[in-house]
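J.: need the 3D shape of this:
(2 chains)
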Amino acid sequence: MEVDIPAALNALAPKLGGTAVEKAQRLTGGASMETWAFTIVGGGEPRPLILRRRAVPMDPETSRSASMAAEAALIRAAEHAGAPVAPLVRLCQPDDGLGEGHITGFVAGETLGRKIVADPRFDRVRPHLARQCGQILARIHTIPLDATPLTTADAQGELDRYEAIYRSSGAERPILEMAIQHMRRNLPPPMPNVVLHGDFRNGNMMFDPDHGVVAVLDWELAHVGDPAEDLGWLCVNSWRFGRADRPVGGFGEYQDLLEGYIEAGGVEIPLSRVLFWQALGSLKWGIMCLMMYSSYATGATNSVERPMIGRRVSETEIDLVNLLEAGL
Amino acid sequence: MIEHPRADELIEAVAGWVESIRPQLNPRDAFLSRVAVNALNAVKRELVQGPVAEAAATARLSPLLGIEGDLKTLNAELCARLRTGEMDVSTPGLLAALKAGIEDQIAIDQPSYVSVKVR
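T.: Presented below is the predicted three-dimensional model:
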C-alpha cells in the first residue's frame, strides 16, 4: 500500500513539537528500509529529523531484523550507555499512519565508506577512528541483556544458519564449503554474551571530520552474542573500500581497535578471535550475496543489481582463502 | 563462431553506449546504469578469460581428486569430500589450487578488488 509520507508527517507535527512539516524528502537507502529527511517548524527553531520505516515486510537481508520497537529501545539504551546515536524522538504508533517506523534527530556528517577511507577531509581524524570504534563498541556491549527482547546467536548458531542458507541455494563453492567445515572445527571457546549492534561497519556510522564517529546508525540487526562478532564485522574486507591494508574499516589497525575496547571497559579479546569473526563475516556476506542472486534467479526481483551482487561472492572467497592460508 | 564482430566487441559497444547516456539519467537509473556497465564488463572478461581459467582450474583439481570430468563435476566432488572431512585445509596442494582458481575468478568479476593480507 502506498502511503503519503509527507502528509502523514504533517499530521503528526503537533506530537513532534511543531505545527507543520517541511522539506520531506526520501533519501536513498536500503531496499527494505525507507529513510526520509524532514524539518519540523512552528515550534521555535526549525528542527531537522529523520524517519526510518519498513518499506516491505520481508527481505533476505533483513529476515532477522529486530522490530522497530526493539530498535527504538536499543537506541535509547545505547545513548544511556554512552554510545553516540541519533537520539530517538518517537516510535511510530499505528495511528500515525506511517507503518512500522521511528523518528530520530538528524546528525550531520558523512556515511559513505569510500569517503571515510579516502577523502582528505578525514585525514586528520582517520588515525583515531579505530580506537574510537573500540571504545564505542565497549559501551554498546554494556547495554543490559534484558533492555529489549533480542535473538541470541553464537558462532555455532551463525554457522548453522548460514550453512543452511548455502545448502538451500544449491551452489557448490569449494572455498565456502572448506571455510564452513574449518570454522566448525575451530570454534572459539565460550565467552559471556553481550548485546551486539550486529551491523557495526564503515557505512553504518555517521562521521564528522573533527570528531570522528558522531552517530552509530542502523540498529536493525542487533542481537545477543559474542562480543568479538561486532569487532570482527567491522574488519571484514568487503567494507574496507579498497584499503585492504587498513584492516579496521579501511581506516585503522587491529591493535588500536582492541586497545580502545579495553580502555572503555571492554574485556580483553585476542586478535585471533576477531579474525575468526572477520572470516565468519566474510562467509556470511558471501552467502548473503548468493541469496540475493537467488532472489533474481527465482524471479522474486528483477533489478540488474541483484544478479550482479552474485559476482561479489568471489571477493569473499579470495578473502577466505587468504585468511585460511594465514592460519585462521 | 562469428568474428565480425566478436561477442566481446558487441558487449564493449553496448557498454560504451550505456556510459554515454548516463548524464541524462535520473540518479537511480544513473546508479543502475553503472551496475549494468559493470555487468557487461564482467561478461566481456568472462568471454575472453573464462575458457582459459576454467581449463586451468580443471587441470588443477583433477589430479588432486584423482578423477576426470568437467569443472562442475570436479567442484561437486570436491565439495562432497570437504563436507565429509575427507579433504580439508591441510590437504596437500588443495589450498594453493583453490587460491589460483579464485584469483582467476576475481580477475573476471572484480579485477580492481584488493584482498586481505594477514601479516
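J.: in chain B, what residue is nearest chain A?
T.: Among all residues of chain B, B:Val118 sits closest to chain A, at 3.5 Å; criterion: CB to the nearest CB. Heads up, the C-betas are built off the backbone N, CA and C, glycines and all.
J.: so where do the helices sit in chain B?
T.: Secondary structure of chain B by DSSP state H: the helices cover B:7-21, B:27-65, B:71-84, B:94-109.
J.: Serialize these to JSON lines and add fields for mean pLDDT, mean neighbour count and distance to A:Arg47.
T.: Putting the helices of chain B into JSON lines (pLDDT from 0 to 100; neighbours: other CB atoms under 10 Å in any protein chain shown; distance: least, CB to CB, whole Å) gives the following:
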{"stretch": "helix B:7-21", "mean pLDDT": "94", "mean neighbour count": "14", "distance to A:Arg47": "41"}
{"stretch": "helix B:27-65", "mean pLDDT": "95", "mean neighbour count": "16", "distance to A:Arg47": "27"}
{"stretch": "helix B:71-84", "mean pLDDT": "97", "mean neighbour count": "17", "distance to A:Arg47": "56"}
{"stretch": "helix B:94-109", "mean pLDDT": "97", "mean neighbour count": "19", "distance to A:Arg47": "45"}
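J.: those into CSV, with extra columns for distance to A:Asn237?
T.: Output for the helices of chain B, formatted as CSV (distance: least, CB to CB, whole Å):
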stretch, distance to A:Asn237
helix B:7-21, 27
helix B:27-65, 19
helix B:71-84, 23
helix B:94-109, 12
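J.: any idea how far B:Glu3 is from B:Glu9?
T.: To B:Glu9, B:Glu3 is 9 Å away according to CB to CB, to the nearest Å.
J.: my guess is A:Leu51 contacts A:Trp36. True?
T.: Yes: in terms of CB atoms under 8 Å, A:Leu51 counts as a neighbour of A:Trp36; the distance is 4.2 Å.
J.: common neighbours of the two, please.
T.: When contacts are counted by CB atoms under 8 Å, 6 or more residues apart in numbering or on different chains, A:Leu51 and A:Trp36 have A:Ile5, A:Leu9 as shared neighbours.
J.: the more surrounded of those two?
T.: Shown here are A:Leu51 and A:Trp36; by other CB atoms under 10 Å in any protein chain shown, A:Leu51 has more neighbours (26 against 21).
J.: next, that one: phi, psi?
T.: Summarising the backbone geometry of A:Leu51 under the convention degrees, to the nearest 10, its torsions are phi -110, psi 130.
J.: got the confidence number for it?
T.: Looking at A:Leu51, its pLDDT reads 94.
J.: now the residue in chain A that chain B sits nearest to, nearest residue through space, not along the chain?
T.: Of the residues in chain A, the one nearest chain B is A:Ala326, at a distance of 3.5 Å by CB to the nearest CB. Distances taken as CB to CB, 6 or more residues apart in numbering or on different chains put B:Val118 closest to A:Ala326, at 3.5 Å, once the chain neighbours are dropped.
J.: what of A:His211?
T.: Take A:His211 and drop its neighbours on the chain: the residue closest to it by CB to CB, 6+ apart is A:Val125, 7.3 Å away.
J.: the one you found and A:Arg184, how far apart?
T.: Spatial separation of A:Val125 from A:Arg184 under the definition CB to CB is 40 Å.
J.: which parts of chain B sit against chain A?
T.: Neighbours of chain A within chain B, by CB under 8 Å from any CB of the partner chain: B:27-28, B:32, B:35-36, B:38-39, B:42, B:72, B:75-76, B:78-79, B:82-83, B:85, B:88-89, B:94-95, B:98-99, B:102-103, B:105-106, B:109-110, B:112-119.
J.: I'd assumed A:Val21 was in a strand, is it?
T.: Yes: judged by DSSP: H, G, I helix; E, B strand; the rest coil, A:Val21 forms part of a strand.
J.: who's it bridged to?
T.: Partner residues in beta bridges with A:Val21, using DSSP bridges, are A:Ile40.
J.: that one: how many residues sit nearby?
T.: For A:Val21, the number of neighbouring residues by other CB under 10 Å comes to 24.
J.: so which residue is dead centre in the chain?
T.: Unless you meant another one, I'm taking chain A. A:Asp199 (2.4 Å; CA atoms, centre = their mean).
J.: actually, chain B is the one I wanted.
T.: Using CA atoms, centre = their mean, the most central residue of chain B is B:Gln105, at 3.2 Å.
J.: dump the residue contacts of it.
T.: Listed by CB under 8 Å, 6+ apart, the contact partners of B:Gln105 are A:Ser314, A:Glu317, A:Ile318, B:Ala53.
J.: for B:Arg83, same thing?
T.: With CB under 8 Å, 6+ apart as the criterion, the residues that contact B:Arg83 are A:Glu177, A:Gln181.
J.: same thing but 10 Å
T.: Contact criterion CB atoms under 10 Å, 6 or more residues apart in numbering or on different chains gives A:Glu163, A:Arg167, A:Glu177, A:Met178, A:Ile180, A:Gln181 as the residues in contact with B:Arg83.
J.: so where do the helices sit in the stretch 151-300 of chain A?
T.: Remark: helices assigned in the stretch 151-300 of chain A by DSSP state H, counting those that start in this stretch are A:155-169, A:174-185, A:227-234, A:254-263, A:271-297.
J.: columns mean pLDDT on top of those helices, output as JSON lines?
T.: Output for the helices of the stretch 151-300 of chain A, formatted as JSON lines (pLDDT from 0 to 100):
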{"stretch": "helix A:155-169", "mean pLDDT": "95"}
{"stretch": "helix A:174-185", "mean pLDDT": "97"}
{"stretch": "helix A:227-234", "mean pLDDT": "98"}
{"stretch": "helix A:254-263", "mean pLDDT": "98"}
{"stretch": "helix A:271-297", "mean pLDDT": "93"}
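J.: make a markdown table from those and add distance to A:Gly44 and mean neighbour count to it.
T.: What follows is those, written out as a markdown table (distance: least, CB to CB, whole Å; neighbours: other CB atoms under 10 Å in any protein chain shown):
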| stretch | distance to A:Gly44 | mean neighbour count |
| --- | --- | --- |
| helix A:155-169 | 47 | 16 |
| helix A:174-185 | 55 | 21 |
| helix A:227-234 | 38 | 27 |
| helix A:254-263 | 38 | 19 |
| helix A:271-297 | 44 | 22 |
